[in-house]
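Visitor: sequence plus the predicted model coming up.
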Amino acid sequence: MTKILMVCLGNICRSPLAEGILQSKLDNNLFVVDSAGTSSYHIGNKPDPRSIAIAKKKGIDITQQQARQFVKQDFLDFDIIYAMDNSNYNNIIALAENDKQKSKVNLILNESYPEQNLDLPDPYYGGDKGFETVFNMLDEACNKIKLRLSKLT
């Protein structure tokens with residue numbers, strides 16, 4: 001079973017969407033997808049209502065998710081870790097204890113735009129349109145992830 005972790009800042013906007021989108025595309029018997037945040041701001045909270053709304057509009061239920069903080073144990077528990085932006089990537093890498101752990105961490109938009117190291121915009125302070133844009137960007141990246149993972153199974 002391959003375990004994949006999606007990580008953003010607060011674990012209420014981008015990473016819950018990424019978790020829900022990717023989980024909806026993969027076989028639950030072969031893959032586990034989870035999410036976390038690099039900060040402790042929202043531990044225990046449900047995803048942002050705007051993330052819930054755009055996911056529901058696209059047929060994905062993320063209402064059972066609860067925010068949690070990324071911890072060093074995640075390097076041991078997960079095979080692949082996707083950061084939503086460079087700031088979170090750097091925060092995750094700073095916790096890594098060796099090159100093997102660092103090698104698990106990728107920027108999610110590098111799936112769609114290889115080696116460009118682009119940030120997935122944080123829609124928190126924007127309107128509903130920002131959440132739709134982020135959903136569409138994640139959907140494209142998750143399609144690429146699914147395609148790559150299907151070649152491994």
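Guide: Cool, the structure landed.

Visitor: from now on I want contacts and neighbour counts done on CA atoms only, so please keep to that.
Guide: Will do.

Visitor: who are the packing partners of the helix or strand that F131 is a member of?
Guide: Using DSSP states H and E, F131 maps to helix 128-152. Under the contact criterion of 3 or more Cα pairs under 8 Å, 6 or more residues apart in numbering; DSSP states H and E, helix 128-152 touches helix 14-25, helix 49-57.

Visitor: list the buried residues of the first one.
Guide: For helix 14-25, a neighbour-count test (16 or more other Cα atoms under 10 Å) marks 14-23 as buried.

Visitor: ok, the last one next?
Guide: Buried residues in helix 49-57, defined by neighbour count with 16+ other Cα under 10 Å: 50-55.

Visitor: identify the residues contacting the helix or strand bottoming out on mean pLDDT in the chain?
Guide: In the chain, the helix or strand scored least confidently by mean pLDDT, DSSP states H and E is helix 128-152, which has a mean of 94. Contacts to helix 128-152, defined as Cα atoms under 8 Å, 6 or more residues apart in numbering, come from residues 14, 17-18, 21-22, 25-26, 50-51, 54-55, 108-109, 111-112, 120-123.

Visitor: neighbours around N91, how many?
Guide: Neighbour count for N91, taken as other Cα atoms under 10 Å: 15.

Visitor: what do you get for L5?
Guide: L5 has 24 nearby residues by other Cα under 10 Å.

Visitor: same check, this time on the one 3 residues further on
Guide: Residues contacting C8 under the criterion other Cα under 10 Å number 29.

Visitor: ok, now which ones touch K25?
Guide: So, once contact is read as Cα under 8 Å, 6+ apart, K25 ends up touching 142-143, 146.

Visitor: pLDDT below threshold where in the protein?
Guide: 153 (pLDDT under 70).

Visitor: what residue of it is the furthest out?
Guide: Distance from the centre of the chain peaks at N98, with 22.0 Å (Cα atoms, centre = their mean).

Visitor: distance of that residue from A18?
Guide: Going from N98 to A18 by Cα to Cα, to the nearest Å gives 26 Å.

Visitor: what of N110?
Guide: 14 Å.
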